[in-house]
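> sequence plus predicted model, see below.
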Amino acid sequence: MEFSTADYSIFVLLLVLSAAIGLFYALSGGRQRTVQEFLLANRSMGFLPVALSLLATFQSAVAILGVPSEIYRFGTEYWFLGCSYFLGLLIPAHVFIPIFYRLQITSTYEYLELRFNKTVRIFGTVTFIFQMVIYMGVVLYAPALALNAVTGFDLWSAVLTIGLVCTLYTTLGGLKAVIWTDVFQTLVMFAGQLAVIVVGAQRMGGMARVWHLAEQQGKISGIE
């Protein structure tokens with residue numbers, strides 16, 4: 001299967017709108033002139049866009065492509081990982097984040113310096129940068145590989161294009177652009193996932209048949 005004209009149009013529109021969001025916030029409001037505006041969006045964002053933006057951080061191309069492949073190959077044991085999020089996210093949300101918010105700091109690394117010293121802050125920052133450089137390489141490579149498979153785009157040109165667009169709207173628009181771009185991309189991803197589920201189930205004869213076939217192949221896992 002390859003991209004049609006409609007697919008190319010949607011793909012280009014996605015990139016253009018993402019860049020346009022960054023340009024809009026670069027030319028409006030506070031125009032990202034202060035640290036509060038650029039890094040914290042002036043602490044003026046509502047809970048819904050912030051929540052969707054946080055959700056988008058868990059929905060990288062690695063998750064979109066990798067998790068379905070994992071479950072298709074090995075079964076639904078992966079769902080146990082989702083259970084750990086209840087504990088893993090509730091504790092930071094109710095213990096750590098309120099402390100950071102009351103201190104009015106822009107990053108956890110500021111807290112490291114306040115709590116310990118500057119050396120600890122630098123080590124924490126360097127460690128995170130090292131982790132994210134590796135992670136971003138994988139996250140950029142995965143969608144580029146998918147694009148290469150369905151469009152024939154050169155792999156590294158796709159990596160460069162996606163990376164440049166993301167860098168553009170982040171640099172120009174700051175956190176507001178990042179949040180609203182995440183909201184837009186989250187809605188697009190969920191629409192795509194829903195379309196795959198609906199069309200796939202329809203072609204297989206309904207969700208009941210999909211579930212039955214998965215059970216027959218031993219793909220449905222429970223607590224035993």
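Arrived safely.
> helix or strand with the lowest mean pLDDT in this structure?
helix 35-40 (a mean of 76; mean pLDDT, DSSP states H and E).
> show me which residues of that helix are buried.
For helix 35-40, a neighbour-count test (16 or more other Cβ atoms under 10 Å) marks Gln36, Glu37, Phe38, Leu40 as buried. Heads up, the C-betas are built off the backbone N, CA and C, glycines and all.
> same check, this time on stretch 130-140
Val139, Leu140.
> which other residues reach it?
Under the criterion Cβ atoms under 8 Å, 6 or more residues apart in numbering, residues Ser60, Ala61, Val62, Val159, Ile162, Gly163 lie in contact with stretch 130-140.
> which residue is the nearest non-sequential neighbour of the fourth one?
Right, the one you point to is Val159. Ala144 (4.4 Å; Cβ to Cβ, 6 or more residues apart in numbering).
> wait, that neighbour touches Val150, no?
No - the pair Ala144 and Val150 fails to qualify as a contact (Cβ atoms under 8 Å) at a distance of 11.5 Å.
> quick one: contacts of stretch 58-73?
Tyr78, Val138, Val139, Ala142, Pro143, Ala146, Thr186, Met189, Gln193, Lys219.
> more neighbours, Ala144 and Val150?
Ala144 (22 against 12; other Cβ atoms under 10 Å).
> which ones are touching that one?
Phe153, Leu155, Trp156, Ala158, Val159, Ile162 are the contacts of Ala144 under Cβ under 8 Å, 6+ apart.
> same for the longest helix belonging to the chain, what does it pack against?
Longest helix in the chain by number of residues, with DSSP state H as the criterion: helix 155-204. Counting contacts by 3 or more Cβ pairs under 8 Å, 6 or more residues apart in numbering; DSSP states H and E, helix 155-204 packs against helix 5-27, helix 35-40, helix 47-57, helix 118-151, helix 207-216.
> could you check how far Leu39 is from Thr127?
20 Å (Cβ to Cβ, to the nearest Å).
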